[in-house]
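Colleague: pasting a predicted model and its sequence here:
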Amino acid sequence: MHRTPRFLLAVLAVLSLALSSCGGEDIASKSPGDVLKETFGPNKPVKSGRVDLRIGFDAKGLPGVDGPLKLALRGPFSSSGSQKLPRFDFDVTLDVAGQELAAGAVSTGDEGWLKFAGQNFAVAPAAFKRFRTLYERDQKQAAEADNPTFQALGVDPARWLASPEKVEDENVGGAETVHVTSKVDVPAFLDDVNKLLGRADATGAAAATGVTGRVPSKLTPQQREQIERSVTDTSLDVYSGKDDGTLRRLNIQVSFDVPEDARGAAGGLESGTLGFDLVLSELNEEQEIAAPKNSRPLSDLTRGATGAGGAPEAAPAPAREAAPAPGAAAPPSGAAAQAKYRACLEAAGASIAEVQKCAPLLNGP
């Protein structure tokens, strides 16, 4: 099966959360536990809005990691109907030690595109149809489980909370919210981390992004024990719309200090922080999502971005490329740049610092 649509499926996991984020009414007077049940329970689906997801990881002691790693996904989305693939226009940025790589994905519900290095690449109709089928199958299974909000992700944040309490209400994205804060039950959280890792492996995200063999499909018992020993502080904050009980923000922060006897098994990792921040805004407001202009075939991208850690796919016979249409951007790279990029990824191996140095090669000489 074509790998790129499966990568899009992994990107859409967070959108599954947004489109089925639900709630009831009049939650301001409810207990912290009831606020969470309303927020994460089925009732009133979100039809459209904007998502802003940020993940940050700052570690000390890891070889080849010279600074913080930041991932951001943001953009509008709009429902195409119950359990149907939504329309969306997401921009994704990966910042490694101050050097940024930009990508993204667009769907009109019937067609899809990937964005990379300032270019738009059209997904072949047959491949997009397979991707849409996978997404809609997952949504149907989530609905049948009677917990659609996070079921598409295979997680349940309510299980992570230890002694939740309500604190001062706050405004999030223009909406007044009820704010519930809590510590995190680390073992319960790791149970869901395992589910997320397994989901990423099943959707082919690791293969599509060139990290096959580097992203585990699950945490081993030894890894779980080391993590539980290492976590020094946690916080989980849920912001639920005061008028509708709909999730507006989810923020998780984790600090850790790896014991000396476990640092060797952790690859030298000594300490650090992990942050996850999801904000949903402009809920149920009209969003403008249009097909990109001047797109190129996805094969132009996949020929120059085979996965590191595996043998590159055979390059097609040299062909003369057509001149771009008036106003169209130039191709991101020629054959020489693509070859250099593949060689760079292979040489980088598992070093994050070396992999991130390869991205500029796609811009050509």
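Modeller: Structure's in. What do you need?
Colleague: so where's the stretch 1-150 of the chain uncertain?
Modeller: 1-26, 42-45, 142-150 (pLDDT under 70).
Colleague: in the sheet, who's paired with residue 247?
Modeller: residue 240 (DSSP bridges).
Colleague: count of neighbours near it?
Modeller: Burial measure for residue 247: 28 neighbouring residues, criterion other CB atoms under 10 Å. (Glycine included, C-beta is placed from N, CA and C.)
Colleague: also residue 95?
Modeller: Residue 95: 17 neighbours (other CB under 10 Å).
Colleague: quick one: contacts for residue 49?
Modeller: Residues near residue 49 by CB atoms under 8 Å, 6 or more residues apart in numbering: 18, 76, 77, 280, 281, 282, 283, 284, 285, 287.
Colleague: try it again at 7 Å.
Modeller: Residues in contact with residue 49 (CB atoms under 7 Å, 6 or more residues apart in numbering) are 18, 77, 280, 281, 282, 283, 284, 285.
Colleague: which of those sits closest to residue 299?
Modeller: When those are compared for distance to residue 299 (CB to CB), residue 77 comes out closest, at 27.1 Å.
Colleague: which SS state does the residue nearest to that closest one when sequence neighbours are not counted fall under?
Modeller: Using CB to CB, 6 or more residues apart in numbering and skipping the chain neighbours, the partner closest in space to residue 77 is residue 88 (4.1 Å). Look at residue 88: counting by DSSP: H, G, I helix; E, B strand; the rest coil, its state is strand.
Colleague: so where's the stretch 251-365 of the chain shaky on pLDDT?
Modeller: In the stretch 251-365 of the chain, residues with pLDDT under 70: 302-339, 341-342, 345-346, 348-357, 359-365.
Colleague: for residue 135, see how far away the residue nearest to residue 77 is.
Modeller: For residue 88, the distance to residue 135 equals 11 Å [CB to CB, to the nearest Å].
Colleague: repeat that for residue 295.
Modeller: Where residue 135 is concerned, residue 295 sits at a distance of 21 Å (CB to CB).
Colleague: how about residue 162?
Modeller: 33 Å.
Colleague: neighbour count winner among those two?
Modeller: Higher neighbour count among residue 162 and residue 135: residue 135, with 24 against 12, using other CB under 10 Å.
Colleague: my guess is the more buried one meets residue 84, correct?
Modeller: No - if you go by CB atoms under 7 Å, residue 135 and residue 84 don't touch, sitting 8.7 Å apart.
Colleague: quick one: the strands in the chain?
Modeller: 48-60, 69-78, 87-96, 99-107, 112-116, 119-122, 161-172, 175-184, 231-241, 247-257, 271-281, 296-297 (DSSP state E).
Colleague: closest one to residue 38 among the ones you listed?
Modeller: strand 231-241 (6.9 Å).
Colleague: which neighbouring elements make contact with the closest one?
Modeller: helix 32-40, strand 161-172, strand 175-184, strand 247-257 (3 or more CB pairs under 7 Å, 6 or more residues apart in numbering; DSSP states H and E).
Colleague: make TSV out of the ones you listed and add distance to residue 94.
Modeller: Output for the helices and strands packed on strand 231-241, formatted as TSV (distance: least, CB to CB, whole Å):
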stretch	distance to residue 94
helix 32-40	29
strand 161-172	25
strand 175-184	25
strand 247-257	19
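Colleague: go through those and name the closest to residue 62.
Modeller: Evaluated over the helices and strands packed on strand 231-241, closeness to residue 62 peaks at strand 247-257, with 12.4 Å, by CB to CB.
Colleague: returning to what we had before: check the strands of the chain for me and report the most buried one.
Modeller: Mean neighbours per residue, mean count of other CB atoms under 10 Å, is largest over the strands of the chain for strand 112-116, with a mean of 23.
Colleague: compute the inter-axis angle for that strand and strand 99-107.
Modeller: If you take axes from the mean of the first three to the mean of the last three CA atoms, to 10 degrees, strand 112-116 sits at 170 degrees to strand 99-107.
Colleague: which residues touch residue 161?
Modeller: 36, 182, 185, 236.
Colleague: so what's it bridging to?
Modeller: residue 184.
Colleague: separation between it and residue 187?
Modeller: 13 Å.
Colleague: for residue 37, same thing?
Modeller: Residue 37 is 21 Å from residue 187, by CB to CB.
Colleague: same check, this time on residue 116
Modeller: Relative to residue 187, and taking CB to CB, residue 116 is found at 38 Å.
Colleague: what does residue 340 give?
Modeller: On the measure of CB to CB, residue 340 and residue 187 end up 46 Å apart.
Colleague: okay, these two: which has more neighbours?
Modeller: Between residue 340 and residue 187, counting by other CB under 10 Å, residue 340 is the more crowded of the two (18 against 12).
Colleague: tell me how many other residues crowd residue 133.
Modeller: Counted with other CB under 10 Å, the neighbours of residue 133 add up to 12.
Colleague: which residues does it contact?
Modeller: Contacts of residue 133 by CB under 7 Å, 6+ apart: none found.
Colleague: how much space is there between it and residue 83?
Modeller: The value you get for residue 133 to residue 83, if CB to CB is used, is 12 Å.
Colleague: before we move on, what about residue 220?
Modeller: Counting by CB to CB, the gap from residue 220 to residue 83 is 35 Å.
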